[in-house]
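# Just to be clear, the model below is a prediction. Sequence and coordinates:
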Amino acid sequence: MVEKDGSTPRRLPPRLSPEEALARKAVRERRDAEMRGVASIDAMRAAIRQAARALPHIATVPRLGKLDAAAFRARAAAGLPFLVPGLAARWPLASLTPQTLRERFSTIPVRARVGDYVGTAFAPDRAMRDMSMLDYLDLAASGAAGLPPYLGNLELRELNRFCHWPAWFDKPGPPRFWLGPAGTVTPLHADYDDNIFVQLWGSKRIFLAPPHHDEFLYPVEANALLFGSPFDPEAPDYARFPLARQAALLELVVEPGDLLYVPAGWYHQVRALGFSLSTNRWSRAMPAVLQPAP
C-alpha cells in the first residue's frame, strides 16, 4: 500500500497477546541473568535488598580520591554510593560546548523525550520524537512551555572517543548520554545494575535512597532491571505517599568533572540545574555487593 504522497506507511509492530508478552519477558530475563551470572533477576533483586538491610546509615555521600580497579572493587563491595570529584575534568568531552555539537555533530540522529516524559517515564508509550541533533538544540533553546525536551539514555557513538572511562567494570555496557537544559529530570527509579555516572557540563541535583527502602517508595516495575517510583522527593506529597516519610533520602549536587558511583538497586532522581551533559555506564556483571570477597 502507498499513501497519496507516495510514501509507504510505517507499519506498527504486531500487538502481542498476554501470553506472548510474558514469554518474551521470560526469555529476556533468562538472558540477562546468564549475562550477570545469577540464578534469576528476581533472586538478584531480592539479594540486593537483603544486603542493603545491613548497610550503615550515611548522612552524606562520601567523597574519595582517585581509585584504581582494586580500590574501586573494595569500595563498591560495601554497597554504598560515593563521589570522586573532578575525575573527568580533563576528558576531551568536558572541554567541548553546545556550539561544538551544532558545528560538528548537527546531523546525528537523536530521539528526544518531549511532552510529559516524567509522568510516562516507566510506561511503554513515553512521548518521544526523532530528529537531528541540530533540531533538538533549536527545540531546547526555544523555551517552550512545559518540561524542556531531553535527550536521555542515548548511545551517541560519535562522542565516545572524547571520554576516558576508568577500567573499573569487568563487563561495562556502552556509554549512554544525557543532554538538556535546566529543568530536565529523570524521576525517581532504581536500576539493578551498578552505575558509573559522570557529569560533564553544568550541574545536577541528585536524590538517592537505599534499595531496601523501596518498601516506602511505592515501586512500579518497568522491567525486571528497572523500577520506578511515583514519589517526588523535590515536591513530596505525603498525603498520597505517607510511607515515603520513612525513606532515608540523600541529596547532593554533582559538578562538572564529578563521577558518582550508584550501586545496583539504589533509587535516584536527577534534575539538571543548568544546561547539562552527563554520561553513564552500567555494569553487566553481578552487582559488586553480591560478589564473593577475593
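Arrived safely, thanks for sending. These numbers were taken from a predicted model, which means no experiment stands behind them.

# can you give me the helices in this structure?
Ranges of helices within the chain are 18-36, 41-52, 69-76, 98-104, 133-141, based on DSSP state H.

# For the third one, give me every contacting residue.
Read that as helix 69-76. Applying C-beta atoms under 8 Å, 6 or more residues apart in numbering, the external contacts of helix 69-76 come out as 64, 67, 82, 166-168, 194, 261, 263, 288-289, 291, 294. Where you see a C-beta, it was placed from the backbone N, CA and C, and this is true even at glycine.

# In contact with residue 275, which residues?
Applying C-beta under 8 Å, 6+ apart, we find residue 275 in contact with 98, 180, 181, 182, 201, 202.

# measure it to residue 114 for me?
In this view, residue 275 and residue 114 are 17 Å apart by C-beta to C-beta, to the nearest Å.

# just residue 34 next, same as before
For residue 34 relative to residue 114 (C-beta to C-beta), the value is 36 Å.

# Pull the number of nearby residues for the residue nearest to residue 254 when sequence neighbours are not counted.
Distances taken as C-beta to C-beta, 6 or more residues apart in numbering place residue 199 nearest to residue 254, at 4.2 Å, with adjacent residues excluded. By the measure other C-beta atoms under 10 Å, the count of residues near residue 199 is 27.

# Residue 199 contacts residue 278, doesn't it?
Yes - at 5.3 Å, residue 199 counts as touching residue 278 under the criterion of C-beta atoms under 8 Å.

# possible to save the helices of the chain as a markdown table with mean neighbour count and distance to residue 92?
Shown next, in a markdown table, are those (neighbours: other C-beta atoms under 10 Å; distance: least, C-beta to C-beta, whole Å):
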| stretch | mean neighbour count | distance to residue 92 |
| --- | --- | --- |
| helix 18-36 | 13 | 31 |
| helix 41-52 | 17 | 35 |
| helix 69-76 | 16 | 22 |
| helix 98-104 | 13 | 10 |
| helix 133-141 | 18 | 18 |
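
# Let's have the ones you listed in JSON lines, adding mean pLDDT and distance to residue 270.
Listed next are the helices of the chain as JSON lines, based on pLDDT from 0 to 100; distance: least, C-beta to C-beta, whole Å:
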{"stretch": "helix 18-36", "mean pLDDT": "86", "distance to residue 270": "23"}
{"stretch": "helix 41-52", "mean pLDDT": "98", "distance to residue 270": "20"}
{"stretch": "helix 69-76", "mean pLDDT": "96", "distance to residue 270": "20"}
{"stretch": "helix 98-104", "mean pLDDT": "96", "distance to residue 270": "19"}
{"stretch": "helix 133-141", "mean pLDDT": "96", "distance to residue 270": "17"}
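
# My guess is residue 168 contacts residue 195. True?
No - judged on C-beta under 8 Å, residue 168 makes no contact with residue 195 at a distance of 11.3 Å.

# Against residue 52, how distant is residue 89?
To residue 52, residue 89 is 31 Å away according to C-beta to C-beta.

# again with residue 60
Look at residue 60 and residue 52: by C-beta to C-beta, they are 18 Å apart.

# who's in contact with residue 214?
By C-beta under 8 Å, 6+ apart, the neighbours of residue 214 are 49, 190, 227, 229, 267.

# Would you check which pair of those lies furthest apart?
Spanning the widest gap among those are 49 and 229, at 14.3 Å by C-beta to C-beta.
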